[in-house]
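A.B. asks: The following comprises the amino acid sequence and a computationally predicted model.
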Amino acid sequence: MTLGLLNAIERDSGVTQRTLASELGIALGLANAYLKRCAKKGLIKVAQVPANRYAYYLTPQGFAEKSALTARYLTQSFNLFRHSRRQYDELLAFCATRGWRRVAFAGVGDLAEIAVLCAANHDVTAVGLLDGNGGETFHGLAVVNRLKDLGPVDAVIITDMAAPQDVFDALIKVLPRERVLAPKLLNVSREMPRLAEPGTGDDAA
């Protein structure tokens, strides 16, 4: 969040709090709080300009912080790419050994892009993607909101980062559980929650 704010201020010192809130996807009050925090830490300088508006400028400390945050972001992005690529390679290889040739991905985004690229290295066919925003294409693949619209599918690999557990829970209602796969990095629980048996709960005498 701080990196996004510093980048926005560097691009336009006259940026409004409302514009910042919109760009960062946060409430206006939260944008104001972040600005105050950055000013208190000495990352930005605030100057009043005509028409009761404010201008924001990065301080030398702010430029240094932006560089450090950018480096950290790139490192984290690289690590995410490296780990996710390895895990999707493993899942796709598993599908190939099982003879599951027609593979779909669930979720459009960065992970889907990595998974689609990995699929080209395995003896499988990426048949498309399942996502709430159907009717689009992603790297030349159809994006649908109903799995049946992709035709026969042998397995689905989850690439949704926002709600992977919800995606898994929905998919196992239409596919065998063992054919719905997810990389470890998404931390999807494959087991159904166990209900306490009668007489074994905390209230049991």
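C.D. replies: Happy to help now that I have it. A quick note: this is a predicted structure, and the numbers were derived from the prediction, not measured. Residues are numbered from 1 along each chain as shown.
A.B. asks: If you average the pLDDT over stretch 183-196, what comes out?
C.D. replies: Mean pLDDT, stretch 183-196: 75.
A.B. asks: Now tell me what touches stretch 121-129 from outside.
C.D. replies: 89, 92-93, 95-96, 100-108, 112, 115-116, 119, 138, 141-144, 149-151, 153, 159 (Cβ atoms under 8 Å, 6 or more residues apart in numbering). All C-beta spots, glycine's among them, are computed from the backbone N, C-alpha and C.
A.B. asks: Give me the buried subset of those.
C.D. replies: 89, 92, 95-96, 100, 102-108, 112, 115-116, 119, 138, 141-144, 150, 153, 159 (16 or more other Cβ atoms under 10 Å).
A.B. asks: For stretch 65-72, give the mean pLDDT please.
C.D. replies: Computed over stretch 65-72, the average pLDDT equals 88.
A.B. asks: Figure out how far it is from the centre of its chain.
C.D. replies: Its chain's average C-alpha position is 21 Å from that of stretch 65-72, according to Cα atoms, centre = their mean, to the nearest Å.
A.B. asks: Pull up the distance across stretch 105-123, start to finish.
C.D. replies: Length of stretch 105-123, first residue to last, Cα to Cα, to the nearest Å: 16 Å.
A.B. asks: Name the next helix or strand downstream of the helix or strand where Asn79 lies, please.
C.D. replies: Following DSSP states H and E, one finds Asn79 within helix 60-98. As assigned by DSSP H and E, the chain's next helix or strand after helix 60-98 is strand 102-106.
A.B. asks: Just want the angle from that next one to helix 60-98.
C.D. replies: Between strand 102-106 and helix 60-98, the angle comes out at 150 degrees (axes from the mean of the first three to the mean of the last three Cα atoms, to 10 degrees).
A.B. asks: which residues of this protein score low on pLDDT?
C.D. replies: For the chain, residues meeting the criterion pLDDT under 70 lie at 51, 192-205.
A.B. asks: And the helices in it, which stretches?
C.D. replies: For the chain, the helices defined by DSSP state H cover 2-11, 17-24, 28-40, 60-98, 110-119, 164-171.
A.B. asks: right, so those: which one is the most enclosed?
C.D. replies: helix 110-119 (a mean of 21; mean count of other Cβ atoms under 10 Å).
A.B. asks: Sounds good, over and out.
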